[in-house]
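Q: Show me the folded form of this:
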Amino acid sequence: MSLVPLGKVVRAVGLKGHLGIAGSGGALAGLERIALRRGAGEPAFRRIVEARPQGGIWAVRIEGVADRTAAEGLVG
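A: The predicted structure is shown next:
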């Protein structure tokens, strides 16, 4: 399966586990799932629970990330 890069997780947003994703240009609005990958590692597929614009980034909440601490672990 080919993956298309849509952005980078740059920070956690709020306390409910939202990821701040930059560089997506709004492409996340219509997606149901997202693949997260660090470097050349294998992607982890997650269901998108919510995606909304937040200033210059998108605040995205995904399945399995319940709080800010978990979101901070995915930055980078």
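Q: mind listing the strands in this protein by residue range?
A: For the chain, the strands defined by DSSP state E occupy 8-13, 18-22, 33-36, 44-54, 57-62.
Q: export the ones you listed to CSV and tack on distance to Ala71, mean neighbour count and mean pLDDT?
A: (Glycine included, C-beta is placed from N, CA and C.) Formatted as CSV, the strands of the chain follow (distance: least, C-beta to C-beta, whole Å; neighbours: other C-beta atoms under 10 Å; pLDDT from 0 to 100):
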stretch, distance to Ala71, mean neighbour count, mean pLDDT
strand 8-13, 4, 18, 96
strand 18-22, 5, 22, 96
strand 33-36, 11, 15, 93
strand 44-54, 12, 15, 94
strand 57-62, 9, 22, 95
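Q: pLDDT score assigned to Ser2?
A: We have a pLDDT of 80 for Ser2.
Q: Correction: the previous question concerned Gly55.
A: pLDDT recorded at Gly55 is 91.
Q: Let me know which of the strands of the chain is the nearest to Thr69.
A: strand 8-13 (8.2 Å; C-beta to C-beta).
Q: picking up where we left off before, turn the strands of the chain into JSON lines, including distance to Glu72.
A: Formatted as JSON lines, the strands of the chain follow (distance: least, C-beta to C-beta, whole Å):
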{"stretch": "strand 8-13", "distance to Glu72": "5"}
{"stretch": "strand 18-22", "distance to Glu72": "9"}
{"stretch": "strand 33-36", "distance to Glu72": "14"}
{"stretch": "strand 44-54", "distance to Glu72": "16"}
{"stretch": "strand 57-62", "distance to Glu72": "14"}
